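Participant: My questions are about this predicted structure, shown below with the sequence.
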Amino acid sequence: MEIFRWVRAGLWVIVAMASMAQAAVTLPCVWQSHMVLQRERPIPVWGWAAPGERVTVTLDRRAASTKADASGAWTVTLPKMSAGGPFTLTVAGTNTVTLDDVLVGEVWLCSGQSNMEMGVKAALHGETEVAAAKYPHIRLFFGGGDLAEAPQADEKNGSWWVCGPDTVGYFSAVGYYFARAIHQAKGVPVGIINVSWSGTRIEGWIPRTAYQANPTLAPLLDTVKPPLASTMPTVIYNSRIHPLLPFALRGVLWYQGESNVEQPALYGNELPALITGWRQVWGQGDFPFLIVQLPNFGAPPAQPGDSQWAELREAQASATQLPHVGLAVTLDLGDAQDIHPKNKQEVARRLAAIALNTSYGGKAEYCGPCYTRMRIHGSQIRLSFTHTTGGLVASGDGKLTGFALAGADGHFVWADAVIAGRSVIVSSPQVPHPTHVRYAWADNPVCNLANGAGYPATPFRAPLAAVRQ
């Protein structure tokens with residue numbers, strides 16, 4: 001009987017502890033001390049408590065209260081705040097959770113595969129950059145999570161770090177250098193949430209709702225079944241993106257595509273689905289979505305030909321037809337021998353230039369020449385471009401390269417190209433009646449069209465809107 005009483009008492013303690021654990025107010029993994037919250041936007045805060053429990057969230061004299069629903073979930077929205085801090089955030093119910101050193105500034109999510117995941121230490125001048133990374137108002141969150149067949153409420157791990165030499169080495173180099181550029185330009189705290197995953201295809205990052213809304217992609221959902229693999233639709237979104245909802249963001253940086261180069265046409269459907277899908281589930285409007293176009297890689301071509309890398313870049317560029325989507329061209333930043341080029345500083349600088357001059361009100365040039373139309377004049381094709389700030393130039397002060405022409409037979413040959421004001425005239429004695437033109441159309445093209453601001457031209461093939469004169 002004595003043993004029975006001890007067992008019964010032990011069971012009561014276990015039940016009581018479980019009940020207390022259920023009743024305790026808790027926050028998602030992304031809500032931690034040292035975090036950054038998005039300025040000038042309503043701040044949603046969410047978590048869990050006992051069903052019906054009243055929860056009050058307080059941040060710098062701003063407070064909001066609610067009751068947890070029947071499942072124990074709760075959400076409140078704090079009013080907009082200007083940049084500043086550090087602040088203390090408290091969440092009070094039957095217990096109180098306190099987060100210290102909370103800043104308000106700019107928050108960007110960076111995602112993709114290994115080139116986004118590459119840490120500062122592994123990138124160009126890594127040791128020097130790590131030693132100089134003394135920016136306490138830059139905060140870095142690295143999220144984790146396994147593959148999941150269904151959307152997850154929270155991530156299994158992740159933490160916010162104050163940027164310093166002891167924390168930045170393994171953090172996304174693109175994310176950190178972008179944060180540094182925004183911080184230096186705007187003078188406000190910057191938080192980067194990094195949820196990239198090496199080697200992943202885009203299919204795993206797209207939410208189920210985006211598949212269901214797209215007749216071309218919806219059949220792919222039938223492939224989601226055990227055993228799990230990162231190539232399956234939704235399984236990374238479920239574990240690494242969904243748990244962040246509805247954290248307030250300024251925008252997204254996306255560096256991915258190497259794992260999808262064998263299906264560029266499908267990617268042209270998937271990338272817009274991902275962008276619109278993320279925007280819809282976040283419910284924060286058409287936030288900026290900035291894409292890193294794939295760099296040059298592999299051996300330069302001896303003759304013009306087809307290229308899946310070029311087609312994948314075209315698919316990335318076509319996503320800019322969506323509102324507030326930007327493209328950082330990196331054809332001059334790759335490494336023929338290494339699919340992981342090291343110069344992430346310049347990649348991030350170009351992304352930051354897009355952000356500063358589209359999202360933050362700047363007026364400077366932020367990208368290179370973009371093809372708009374072609375006119376056929378006998379044996380010549382005249383190409384027109386936007387983003388010609390400072391005029392069109394052949395970078396390196398050499399002959400303009402990277403153009404190829406074809407006639408009705410579709411056989412491409414290298415072509416001569418000359419700059420004529422803000423246009424380029426392309427011709428070849430081998431193609432007396434040209435109908436098609438390509439620029440930088442190769443895995444690793446030899447090309448040098450740029451503008452006076454120093455940005456390389458976006459690769460393209462035409463006609464897209466041919467006008468015969």
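Facilitator: It's in. The shown structure was predicted, so the numbers you read here are calculated from the model rather than taken from an experiment.

Participant: Does Leu103 belong to a helix, a strand or coil?
Facilitator: strand (DSSP: H, G, I helix; E, B strand; the rest coil).

Participant: same thing with Thr200?
Facilitator: Applying three-state DSSP: Thr200 is coil.

Participant: isn't it right next to Gln113, touching?
Facilitator: Yes - the pair Thr200 / Gln113 is scored as a contact, 5.0 Å apart, by Cβ atoms under 8 Å. (C-beta placed from N, C-alpha, C; glycine too.)

Participant: residues shared between the contacts of these two?
Facilitator: Residues touching both Thr200 and Gln113 (Cβ atoms under 8 Å, 6 or more residues apart in numbering) are 256, 259.

Participant: All the helices of this protein, residue numbers only.
Facilitator: Shown for the chain, the helices assigned by DSSP state H span residues 2-23, 114-117, 126-132, 173-186, 208-212, 264-282, 308-318, 344-358.

Participant: who touches the fourth one?
Facilitator: By that I understand helix 173-186. Contacts with helix 173-186, where a contact means Cβ under 8 Å, 6+ apart, come from 106, 108, 110, 115-116, 118-120, 122-123, 129, 133, 135, 137-138, 140, 163, 168, 189-192, 194, 253, 255, 292, 344-345, 347-349, 351-352, 355-356, 360.

Participant: Let's have the helices of the chain in TSV, adding mean neighbour count, distance to Val329 and mean pLDDT.
Facilitator: Shown next, in TSV, are the helices of the chain (neighbours: other Cβ atoms under 10 Å; distance: least, Cβ to Cβ, whole Å; pLDDT from 0 to 100):
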stretch	mean neighbour count	distance to Val329	mean pLDDT
helix 2-23	10	52	37
helix 114-117	23	15	98
helix 126-132	15	23	98
helix 173-186	24	15	98
helix 208-212	19	26	97
helix 264-282	20	16	98
helix 308-318	22	8	97
helix 344-358	22	7	98
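
Participant: Quick one: closest of those helices to Phe385.
Facilitator: Closest approach to Phe385 among those (Cβ to Cβ): helix 308-318, 13.5 Å.

Participant: now the angle between helix 264-282 and that closest one, please.
Facilitator: Here the directions of helix 308-318 and helix 264-282 differ by 30 degrees (axes from the mean of the first three to the mean of the last three Cα atoms, to 10 degrees).

Participant: Mind giving me the packing neighbours of helix 308-318?
Facilitator: With contacts taken as 3 or more Cβ pairs under 8 Å, 6 or more residues apart in numbering; DSSP states H and E, helix 308-318 sits against helix 264-282, strand 460-462.

Participant: Against which helices or strands is the last one packed?
Facilitator: The criterion is 3+ Cβ pairs under 8 Å, 6+ apart, and the helices and strands that strand 460-462 contacts are helix 308-318, strand 370-377, strand 436-439.

Participant: Turn these into a markdown table, columns for distance to Ser33.
Facilitator: Converted to a markdown table, those look like this (distance: least, Cβ to Cβ, whole Å):
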| stretch | distance to Ser33 |
| --- | --- |
| helix 308-318 | 37 |
| strand 370-377 | 44 |
| strand 436-439 | 50 |
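
Participant: Which of these sits closest to Trp31?
Facilitator: Of all the helices and strands packed on strand 460-462, it is helix 308-318 that lies closest to Trp31, at 33.0 Å by Cβ to Cβ.

Participant: what comes into contact with the closest one?
Facilitator: 257, 260-262, 264-265, 267-268, 271-272, 291, 293-294, 297-298, 327, 438, 440-445, 458-461.

Participant: CA atoms only for it, dumped as CSV, please.
Facilitator: Provided in CSV are the C-alpha atoms of helix 308-318 (Å, rounded to 0.1, in the frame of the first residue of the first chain):
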residue,chain,number,x,y,z
GLN,A,308,19.8,25.0,-69.7
TRP,A,309,21.6,27.5,-67.5
ALA,A,310,20.7,30.3,-69.8
GLU,A,311,17.1,29.1,-69.9
LEU,A,312,17.0,28.9,-66.1
ARG,A,313,18.3,32.5,-66.0
GLU,A,314,15.6,33.5,-68.4
ALA,A,315,13.0,31.9,-66.1
GLN,A,316,14.4,33.9,-63.2
ALA,A,317,14.3,37.1,-65.2
SER,A,318,10.7,36.5,-66.2
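
Participant: what about the stretch 351-469 of the chain, any weak spots by pLDDT?
Facilitator: 464-469 (pLDDT under 70).

Participant: Recalculate using a threshold of 50.
Facilitator: By pLDDT under 50, the weakly predicted segments of the stretch 351-469 of the chain are 465-469.

Participant: mind listing the strands for it?
Facilitator: Assigned by DSSP state E, counting those that start in this stretch, the stretch 351-469 of the chain shows strands spanning 370-377, 380-386, 392-394, 403-406, 413-414, 416-420, 423-427, 436-439, 449-451, 460-462, 466-468.

Participant: tell me what the fourth one is packed against?
Facilitator: Strand 403-406 sits against strand 413-414, strand 423-427, strand 436-439, with contacts defined as 3+ Cβ pairs under 8 Å, 6+ apart.

Participant: neighbours of the closest residue to Ala248 other than its chain neighbours, just the number please.
Facilitator: The shortest distance from Ala248 to any non-neighbouring residue, by Cβ to Cβ, 6 or more residues apart in numbering, is to Gln38 (3.9 Å). For Gln38, the count of nearby residues is 24 (other Cβ atoms under 10 Å).

Participant: For Gln38, give me the pLDDT.
Facilitator: Reading off the confidence values, Gln38 has pLDDT 98.

Participant: ok, now which ones touch it?
Facilitator: With Cβ under 8 Å, 6+ apart, Gln38 has these contacts: 104-107, 248-250.

Participant: where exactly do the strands run in the stretch 151-300 of the chain?
Facilitator: According to DSSP E, counting those that start in this stretch, the stretch 151-300 of the chain carries its strands in the segments 158-162, 190-194, 251-255, 289-292.

Participant: JSON lines for these, including distance to Glu149?
Facilitator: Listed next are the strands of the stretch 151-300 of the chain as JSON lines, based on distance: least, Cβ to Cβ, whole Å:
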{"stretch": "strand 158-162", "distance to Glu149": "21"}
{"stretch": "strand 190-194", "distance to Glu149": "23"}
{"stretch": "strand 251-255", "distance to Glu149": "24"}
{"stretch": "strand 289-292", "distance to Glu149": "26"}
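
Participant: Distance to Lys67 and mean neighbour count for these - can I get that in TSV?
Facilitator: Converted to TSV, the strands of the stretch 151-300 of the chain look like this (distance: least, Cβ to Cβ, whole Å; neighbours: other Cβ atoms under 10 Å):
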stretch	distance to Lys67	mean neighbour count
strand 158-162	28	19
strand 190-194	29	26
strand 251-255	33	27
strand 289-292	35	25
